[in-house]
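> Here is my input; please provide its structure:
(one chain, ligands or ions: 2)
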Amino acid sequence: MAPPAEGANGAVSAQDLKLAEVSQKYTAEAAKRFRPEGLGQFIRLKEVGSERLRALAEDPWVDHAALNAKEPIKDGSKYKFIVLGAGYGGLLYAVRLIESGLATGPDDILMIDSAGGFGGTWWWNRYPGLHCDIESYCYMPLLEETGYIPKSKYAPGPELLEHADRIATHWKLHDKALFRSSVKTIRWDDASRLWNLELTEGRGPGEQSRELKLQARYVLLASGILTNPQVPKVPGLETFAGSIFHTARWNYQVTGGSPNDEALTGLEGKRVGIIGTGATAIQVVPKLAKYAKELYVFQRTPSGVWWRGQRPTDPEEWKTKIARKKGWQRERMLNLDSYLTDGAEEGQENMVADGWTEMPAFSAVIGSPRHGIVEPTPEKIAEHLGRLYKLDFPHAEEVRARTDSIVKDPETAAKLKAWYPTWCKRPTFSDEYLQAFNLPNVHLVDTDGKGVDSANSSGLVVAGKEYPLDILVLSTGYVTPSIGGGSPAVRTGVEIYGRGGKSLDDKWQTQGASTLHGVCSSGFPNLFFTPLSQSSQASNNAFTLDVGTEHVTHIIEKAEARVGGDALVEVTSEAEEAWALEIMQHASWFASVMGCTPGYITSEGEALQRSADPMEMAKKARGSNLSQGMAAFLKLLQEYRAEGSLKGFEIASRA
Ligand code: FAD
Ligand code: NDP
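Ligands and ions are numbered 1, 2, ... in the order given. Okay, the predicted model is just below:
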C-alpha cells in the first residue's frame, strides 16, 4: 500500500497514521495465511480418495423414483439448444430463448443438470439459515414476468428454490430438462456442424446409470461459479467416527429439522464442530448454536460481519415504491450496483439502502464508473491502492467496532475481527452470528490463520489440542471459479473440443482468456458461456446472469435473422484479440487484490504470485474485467448491439 499522503501543510493526519498501521497488520495477517500449495490444499469432494467422504457429494434431495418414472431421453437425440445447468443462469437462458422466438419447438431446448431438479445453487444448498445475501427484489430473477412478490427482503433458501420451479412452470420447462446427468465432453463436429455431448445419467441406487450421446446446434454453458464443494486436505479426516457432511449437502437425518424447519433437535446433547467461517458458516452457526450441547467453530480467517436488517416485504411499499413501473427490477439492480461500484450520484435515491450500499470500496474488485483506467505504472497503482484503502478504512473499522460492541468477551471479539480490506472476501451480513459467541455453549477455536491440523476418530486437532466431536460440518466452500486460468470448461468439469479438435482448456492455458465480451471464443462456434472474465461482475450474481444471457440471446437472434434460419456464429480471432487488448488495459485496477488475504477471489493466493515470465503476466491481465463496473459493461453491450452489425462475428448459414 502507498505510504500515508502528506496534507497541504506537509502534515500526516492521525487517520492516515492509523491506516498505515492497520495496513501493516493486513499484510502480516495475510502473510500468515499464504500456503505454498495454494489451490492444492483442497480437493473436490466428489474426487476425495475416501469412499465415505466421496459419497458426501451425492445429491441428498433427488427423487429417483419420480425421475425414473419419466419418459427417458433417447440416446442420440438432437436439440437446437442444450443449456448446461438448470440454476438461475440456465433458466434465464431458456426463458430468453423462448421469449425471443428462438426456441418454440418441442425439441428446441434441453436443459441438463447433475442436480435432481431446477435451482442450481438453491437446489444443492439447503442448510439451515440459508438466504440470499443480496436483496431478493434484485436477486430473484424474472419477478416482473412471474408476478411473484418475495416474502422478505432476503429470501430464505426454500423460497429461492421454489422460485426456480416457478420459472420452470411458467415457461413449461419441466419436460425440457434432464436431471442427475453430468456432462463429460462437448465436441464440435465439422461435418454435421453440431456439438456432440457425452454424459452420464444417474438412475439412483441399484439402477444402472446410462451413458448418453446427444447433439445440439448451440450449447450454452450456465454451469455456475460455486458448484463443486471442496474439502481441505486435513490428515485423518476420513477416520472421523462421528457424522460428517458438507454444508452444500446438508444432512437433516443427522441434525433433525428440514429446510423449512430450523428445529435441529438431532443436535441436542451433541458436540458439534464446524470448519470454516465464510458466508455459509455465518448463516449456519447461529442455527447450530441453538441446539448443539457444545458448538466448536474452527476458524482460520474471520469474516467481516455487517448488519443484515431482514424484514418482511411490506405490500404497500411493494406496490408504491418497489414494483412501481415496468422495468423496475433492472432499474433496481442498477441502483444497487451503483453503490457497490462507488458510482452513486450525489442526492440519488438509495432504493435498497442495506449494508451492501455502505461499502463503496467493494468497487476494488468489480470496478467503478467514477475513475478512468489505472495506468500500469508503480506510482499510479500505488495511488489507486492508497485511495481504495482510504475509502475502505472507515467502514472496515466500523465492522471491527461492531464486533467489539456485540461480542462480550474481549478476547473472543478480538479473534473475530477481520483484518483485510472489505473486498478480499465476500462481505457477510448477520444480526445473529456474532451474538452466538455470547452463548455459553459456543466456542471459537481460532487457529490463527493456520487451519485445522488434523482429524482422528474422535474429533479435530488444533495446536496439539484435541476437540472431541459427535458431528462435524464442513463449511469449507467451493472449488475456485478461476481454476484452470478461468477456463469455462475446467470450472464446468467438462472437456470441450472445438474446430480441429482444439481443447478450450489448452487455449486458456496457452493464450489465457480469449473471448468477445466474455461469452464466446473463436474456434468454438455456437458455444456460449455466462461471463466471468473479460466482462464484468456484479456483487449481485443474478444481475451478471441477466446481462450475460440477454447479450448471448441477442447475438443468436440477430445471427439467425441475418441468415434466415439456422446460423453458425463464431467470433473471429482478430475480434477476440482486440477485446483482450482492451481488457488488459483495465487490469491495473484489479491490483487491488494484491494486499488480500488468500481466498477464492485470489485463487487461494496463486493469483497474487508474480511471474518473471512476461507471457504469464500477460495471460493474467487477459483474465481481467472491465474496470468501470457492470453498468458501464451493460452500456457497452447495448451500444454494440445498437450498432447492429454484430462486429467481430462471422455468421454463416448452417445449412
Ligand atoms: P448455479 O446455480 O451454480 O447452477 C449451475 C448448475 O450447473 C448446477 O446445478 C450444477 O449442478 C450444474 N452443472 C455444472 N457443471 C455441470 C456438468 N458438467 N454437468 C451437469 N451439470 C452441471 N449470489 C448472489 O448474488 N447472492 C447470493 O445471495 C448468493 N448466495 C449464494 C449462496 C451459496 C450457498 C452459494 C454457493 C452461492 C451463492 N451465490 C449468491 C452465488 C450463486 O451461485 C449465484 O447467485 C447463482 O445462483 C448462480 O446461478 P447459476 O445458474 O449461474 O449457477
Ligand atoms: P468460503 O470459501 O467462503 O469459506 C470456506 C471457509 O473454510 C473459510 O472460512 C476458510 O478459511 C475455511 N477453511 C478452509 N480450509 C480450512 C482449514 N484447513 N482449516 C480451517 N478452516 C478452513 O465458502 P462459503 O461456503 O462460506 O462461501 C462461498 C461463497 O458462496 C461465498 O463467498 C459467497 O459468494 C457464496 N455464499 C453466499 C451466501 C449468501 O449470503 N447468500 C451464503 C453462502 C455462500 P479461509 O478464509 O482462511 O480460507
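
> neighbours of the residue of the stretch 201-350 of the chain found nearest ligand 2, just the number please.
Residue nearest to ligand 2 within the stretch 201-350 of the chain: residue 278 (2.4 Å; Cβ to the nearest ligand atom). Just so you know, the C-beta spots here come from the backbone N, C-alpha and C atoms, and that holds for glycine as well. Neighbour count for residue 278, taken as other Cβ atoms under 10 Å: 21.

> Please name the spatially closest residue to residue 335 (chain neighbours excluded).
residue 351 (4.5 Å; Cβ to Cβ, 6 or more residues apart in numbering).

> residues near the residue lying closest to residue 256 once chain neighbours are set aside, how many?
The shortest distance from residue 256 to any residue other than its chain neighbours is 3.2 Å, reached at residue 266 (Cβ to Cβ, 6+ apart). By other Cβ under 10 Å, 18 other residues sit near residue 266.

> pLDDT value on residue 266, please?
Here, the pLDDT recorded for residue 266 equals 98.

> Against residue 59, how distant is it?
Here residue 266 is placed at a distance of 21 Å from residue 59 (Cβ to Cβ, to the nearest Å).

> same check, this time on residue 284
For residue 284, the distance to residue 59 - Cβ to Cβ - is 20 Å.

> And those two? Which one has more around it.
Set residue 284 next to residue 59 and count neighbours by other Cβ under 10 Å: residue 284 wins out with 22 against 18.

> Tell me who's in contact with the residue nearest to residue 418 when sequence neighbours are not counted.
Spatial nearest neighbour of residue 418, excluding adjacent residues (Cβ to Cβ, 6+ apart): residue 304 at 3.8 Å. Going by Cβ atoms under 8 Å, 6 or more residues apart in numbering, residue 304 touches 396, 399, 400, 418, 422, 425, 427, 428.

> Can you report phi and psi for residue 304?
Dihedral angles of residue 304 (phi, psi; degrees, to the nearest 10) stand at phi -80, psi 130.

> repeat for residue 442
Phi and psi for residue 442, reported as degrees, to the nearest 10, are phi -110, psi 130.

> dump the residue contacts of it.
The contact partners of residue 442, by Cβ under 8 Å, 6+ apart, come to 285, 289, 295, 297, 436.

> Mind putting those residues into JSON lines with pLDDT?
Output for these, formatted as JSON lines (pLDDT from 0 to 100):
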{"residue": "285", "pLDDT": "98"}
{"residue": "289", "pLDDT": "98"}
{"residue": "295", "pLDDT": "98"}
{"residue": "297", "pLDDT": "99"}
{"residue": "436", "pLDDT": "98"}
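
> taking the residues you listed one by one, which sit in helices?
With DSSP state H as the criterion, helices contain 285, 289, 436 from among these.

> For the protein, what lies in contact range of ligand 2?
When proximity is defined by Cβ under 6 Å from any ligand atom, the chain lies next to ligand 2 at 33, 132-133, 226, 232, 234, 275-281, 283, 298, 300-301, 426, 447, 451-452, 475-478, 599-600.

> Show the buried residues in those.
33, 132-133, 226, 232, 234, 275-281, 283, 298, 300-301, 426, 447, 451-452, 475-478, 599-600 (16 or more other Cβ atoms under 10 Å).

> now, which of the ones in helices among the contacts of residue 442 sits nearest ligand 1?
Out of those, the member with the shortest distance to ligand 1 (by Cβ to the nearest ligand atom) is residue 285, at 14.2 Å.

> I figured residue 102 hits residue 553, correct?
Yes. Between residue 102 and residue 553 there is a contact at 7.0 Å, judged by Cβ atoms under 8 Å.

> which residues touch the residue in the stretch 401-550 of the chain that ligand 2 sits nearest to?
At 2.5 Å from ligand 2, residue 477 is the closest residue in the stretch 401-550 of the chain, using Cβ to the nearest ligand atom. Residues counted as contacts of residue 477 (Cβ under 8 Å, 6+ apart) are 226, 229, 230, 276, 278, 280, 600.

> if I look at the last one, how far off is residue 480?
Put plainly, it is residue 600. 4 Å.

> Quick check: pLDDT value at residue 18.
We have a pLDDT of 87 for residue 18.

> since we're on the closest residue to residue 289 other than its chain neighbours, how many residues are nearby?
Leaving aside its chain neighbours, residue 289 sits nearest to residue 436 (4.2 Å; criterion: Cβ to Cβ, 6+ apart). The local packing of residue 436 (other Cβ under 10 Å) involves 22 other residues.

> Could you measure from the closest residue in space to residue 180 that isn't next to it in sequence over to residue 121?
Leaving out its chain neighbours, the residue that sits closest to residue 180 by Cβ to Cβ, 6+ apart is residue 202, at 4.3 Å. Between residue 202 and residue 121 the distance, using Cβ to Cβ, works out to 20 Å.

> more crowded one of those two?
Shown here are residue 202 and residue 121; by other Cβ under 10 Å, residue 121 has more neighbours (23 against 20).

> Surely the more buried one touches residue 224?
Yes. In this structure residue 121 lies within contact range of residue 224 using Cβ under 8 Å: 6.6 Å.

> Can you pull the residues that touch both of the two?
Counting by Cβ under 8 Å, 6+ apart, the residues touching both residue 121 and residue 224 are residue 87.

> list the contacts for the residue nearest to residue 289?
285, 286, 289, 295, 442 are the contacts of residue 436 under Cβ under 8 Å, 6+ apart.

> The residue lying closest to residue 502 once chain neighbours are set aside: neighbouring residues, count only.
Nearest non-adjacent residue to residue 502, counting by Cβ to Cβ, 6+ apart: residue 523, 5.4 Å away. Residues near residue 523, counting by other Cβ under 10 Å, number 19.

> Show me what secondary structure element comes after the longest helix along the chain.
Longest helix in the chain by number of residues (criterion: DSSP H): helix 378-406. Using DSSP states H and E, the helix or strand that follows helix 378-406 in sequence is helix 410-415.

> what residues does that next one touch?
With contacts defined as Cβ under 8 Å, 6+ apart, helix 410-415 is touched by 299, 302, 403, 404, 406, 407, 437, 444, 446.

> Could I get these in JSON lines, plus columns for pLDDT?
Formatted as JSON lines, the contacts of helix 410-415 follow (pLDDT from 0 to 100):
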{"residue": "299", "pLDDT": "98"}
{"residue": "302", "pLDDT": "98"}
{"residue": "403", "pLDDT": "98"}
{"residue": "404", "pLDDT": "98"}
{"residue": "406", "pLDDT": "98"}
{"residue": "407", "pLDDT": "98"}
{"residue": "437", "pLDDT": "98"}
{"residue": "444", "pLDDT": "98"}
{"residue": "446", "pLDDT": "98"}
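
> Among the residues you listed, name the buried ones.
Buried residues within these, counting neighbours by 16+ other Cβ under 10 Å: 299, 302, 403, 406, 407, 437, 444, 446.

> Ignoring the adjacent residues along the chain, who's closest to the fourth one?
Yep, that's residue 406 we're talking about. residue 434 (4.2 Å).

> Kindly report the same for the last one.
Nearest-residue entry for residue 446: residue 415, 4.2 Å, with adjacent residues in sequence omitted and distances by Cβ to Cβ, 6+ apart.

> From ligand 1, how far off is residue 653?
30 Å (Cβ to the nearest ligand atom, to the nearest Å).

> before we move on, back to that, tell me the contacts of the residue nearest to residue 256?
252, 253, 254, 255, 256, 257, 291.

> secondary structure element for the third one?
In this case it means residue 254. Per DSSP H and E, residue 254 falls inside helix 252-255.

> What is the neighbour count of residue 435?
By the criterion of other Cβ under 10 Å, residue 435 has 15 neighbours.

> who are the neighbours in contact with it?
With Cβ under 8 Å, 6+ apart, residue 435 has these contacts: 286, 406.

> For residue 629, give me its contacts.
Counting by Cβ under 8 Å, 6+ apart, residue 629 has contacts 337, 341, 343, 363, 366, 367, 368, 369, 536, 538.

> One more: residue 369?
Residue 369 touches 338, 341, 343, 628, 629, 631, 632, counting by Cβ under 8 Å, 6+ apart.
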